[in-house]
Structures are given as C-alpha cells and as structure tokens.
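*Asks:* okay, here's the prediction I keep looking at, along with the sequence it came from:
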Amino acid sequence: MATRKASPSGKPTQAASKQRGIQRDIDPRNAKKKAAKKAAKKAAKKAGKSKPAVQAGPRRQPENPLPKQRQRKPGQEHALDPQPRFLAPDYRGSGKLDGMVALVTGGDSGIGRAVAVLFAREGADVAITYLSEDRDAADTRRHVEAEGARCIALAADVKDPRACEAVVKEVVHTFGRLDVLVNNAAFQMHAHALEDITDEHLQETLQTNIAGYFHMARAALPHMTEGASIINTGSETGIFGNGKLLDYSATKGAIHAFTKSLATSLLGRGIRVNAVAPGPVWTPLNPADRPAEDVAKFGQDSDMGRPAQPEEVSPAYVFLAAPVCASYVNGVVLPVMGGPRG
C-alpha cells in the first residue's frame, strides 16, 4: 500500500526535523557521559570494585572491597570487619511506638538488631530471640536499654512451635502485651547446584525461614489486638530469584505470599501484615554463608554498588509498624534494595 500523509501535510516533516534536532543535541551529551561512566568504571575496577558505589544518606557507608573473612554459622556480629552500622545516629525518634511492645526474631544482629534499636528509640519495649550468639544478644539488649526501653533476650529456635509459644508467653508475662511481631530469623547457605542441597539443608531452610514465621505468628496472634502488626523479612531473592540460593529464594517468595495472604486473613481484626524485601545487607549471615573471597565483593553488583548497612533498612520497619504512619498499609512487600533491580 502507498504511504499517505495526514493533513496538514507540513507538520510531520516539521516534527521529524525537530526530532533530529533533539538527537543532534543529546548525542554529544550522551557520548560525554558514557565516556565519564566508562572511565569511572575502569577506575573502580582498578580499585577492586565492579562499579562506583552510590552514597545517598547522611553519612558515608563502607564500600567494597570488604575484608576477606569467613565465620562459622550462625555468625557473630561482634567478629565482623567492618562492624555493621545499626545505630542510625541521624534518626530522631518521635514517639511513633510509645507504649507498644515488639518482638523481633533474630534480633541479636544485623537487620534485627537495627530494628530493635529504632523501635526502642520510638518508645517501644523490645524482646528479641536468638540461637546461641549470647554476646551479640547481650550487646543488642544493652543498646535497646540505652534508648530508654526495656528489653529481654530469649534463646529460641523458631523451627520449634513450642519454643515460639514459650517466647510469646514470656514476652506477654514480662511486658503485659504484644503489639508488633517482626519475623526476621533466617538460615541461608549458598549451593551451586540443586543436587548439592541435601534433605537436611533443605529442611533447615524451609523450617527456619517459612515454617518459623508460621509458628511465631500463630503463637503471637492470640495476644494481638486491633492496631497491632506483623512485619516479615522477605528478600530481593524472593522477587528475582538467585541461582545459588534456590532453597532460600523459594522460602523468601513463600514469605511474600504468606504476607499477602495473612494480611487478607487478619484484615477484619484490624491487624496489619506487611513485609520488607531487602537487597544485600552487611550482616553476619554473609560471611557465615560464602567463601571469604566472595565476601569481599558482597553487594558490589547491586544498583548502588555496595551492600546496605542495617541502619539503612531499619527505618522501613518503623514505618510499617507505626499506626500513625502506616494505618492504611496492608499486604505490601516493601523493596529496600538500593534500586529497582536490587
């Protein structure tokens, strides 16, 4: 078929000419920025980084390469180099959680510790669970109490339903109530192939990461009333997957689905359920999971070119926990990944 021009006939020609003018203007700009980006990438590679790291907060955070290091599971925060940043010194509390009680599983280190500290800064009393990291748990408790809040640290394995029930019972006995549950305890172990994941490995991941969330939520709910909330720690791997974390990614995807389903289930009771999906965060989970050489590069492939520090993730939990901030937020999986791709 012959091409036809819509009337008036001069306008398409003018539009094409205008587009070429824009092209002539933007091409050299793009070329200049591309050259600068290439030079920065070359310099970063020379310094041992895959890309220049982005700093967007009130203070500069550690960048790659990180010191090579390896830990035995479950990992110890006090042995990490550099020490994870969790105090968020620029964050000012404003009573968003005054009079509330929060329970944070896996609160001895990493994201859990950072969340416990900010919850305390916002006025909540805090209980944490941990496995065997007595020193780290004591440090968390000390920092929570330094914020003026009360704190108890309870050793418990969330894989055990009875242990979860005992934890909740102790929290309610000590503080008289339970308003916020943060399911955060996790097990992660890289494996290069599905055939390398043993039944024992698989069950440890499944029972900790998803069954543990079920157990703890089921134990907590009889004590939670209108205005309470549950916050689950998901992951970017639950959104994008990870070829070396097949079991872990599967559980994180399940956590996201569990969050949305439980949010619907509890809506009539006025109990909100949400999740945070972090990207790479500098915690003991990582050097207790992968070879020391890989730890040095941890997070460098993220959009920001570096891992997050726990204090950069914890404010998201405050937002979701605080009724004054998120009373109309329910069933969301909030990405905190440094960018759209993590």
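*Replies:* Yep, that arrived.
*Asks:* centre-most residue in this protein?
*Replies:* Taking CA atoms, centre = their mean, the centroid of the chain lies closest to Pro278, which sits 2.8 Å from it.
*Asks:* show me what contacts that one?
*Replies:* Neighbouring residues of Pro278 by CB atoms under 8 Å, 6 or more residues apart in numbering: Ile111, Thr233, Gly234, Ser235, Glu236, Ala308, Val313, Val336, Met337. (C-beta placed from N, C-alpha, C; glycine too.)
*Asks:* quick check: the third one touching Ala254?
*Replies:* So that's Gly234. No: using CB atoms under 8 Å, Gly234 is not in contact with Ala254, being 9.3 Å away.
*Asks:* between those two, who's got more neighbours?
*Replies:* Legend: neighbour count by other CB atoms under 10 Å for Gly234 and Ala254, higher for Gly234 (28 against 18).
*Asks:* rewinding a little: adding distance to Arg72, pLDDT and secondary structure, write the contacts of Pro278 out as JSON lines.
*Replies:* Shown next, in JSON lines, are the contacts of Pro278 (distance: CB to CB, whole Å; pLDDT from 0 to 100; DSSP: H, G, I helix; E, B strand; the rest coil):
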{"residue": "Ile111", "distance to Arg72": "20", "pLDDT": "96", "secondary structure": "helix"}
{"residue": "Thr233", "distance to Arg72": "22", "pLDDT": "98", "secondary structure": "strand"}
{"residue": "Gly234", "distance to Arg72": "26", "pLDDT": "98", "secondary structure": "coil"}
{"residue": "Ser235", "distance to Arg72": "23", "pLDDT": "96", "secondary structure": "coil"}
{"residue": "Glu236", "distance to Arg72": "26", "pLDDT": "95", "secondary structure": "coil"}
{"residue": "Ala308", "distance to Arg72": "24", "pLDDT": "88", "secondary structure": "strand"}
{"residue": "Val313", "distance to Arg72": "25", "pLDDT": "97", "secondary structure": "helix"}
{"residue": "Val336", "distance to Arg72": "28", "pLDDT": "96", "secondary structure": "strand"}
{"residue": "Met337", "distance to Arg72": "28", "pLDDT": "94", "secondary structure": "coil"}
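*Asks:* ok, of those residues, which one's closest to Asp160?
*Replies:* The closest of the contacts of Pro278 to Asp160 turns out to be Thr233 (CB to CB; 19.3 Å).
*Asks:* who does that closest one form a beta bridge with?
*Replies:* Val276 (DSSP bridges).
*Asks:* ok, it - how many residues close by?
*Replies:* The tally of other residues near Thr233 (other CB under 10 Å) stands at 27.
*Asks:* how about the contacts made by it?
*Replies:* Applying CB under 8 Å, 6+ apart, the residues near Thr233 are Gly106, Ile111, Val182, Asn183, Asn184, Ala186, Ile255, Ala275, Val276, Pro278.
*Asks:* number of nearby residues for Asp301?
*Replies:* 14.
*Asks:* distance of it from Phe119?
*Replies:* For Asp301, the distance to Phe119 equals 31 Å [CB to CB, to the nearest Å].
*Asks:* Val171: which element?
*Replies:* Val171 belongs to helix 161-175 when assigned by DSSP states H and E.
*Asks:* just the buried residues of that helix, please?
*Replies:* Across helix 161-175, burial judged by 16 or more other CB atoms under 10 Å covers Ala163, Cys164, Glu165, Val167, Val168, Val171, Val172, Phe175.
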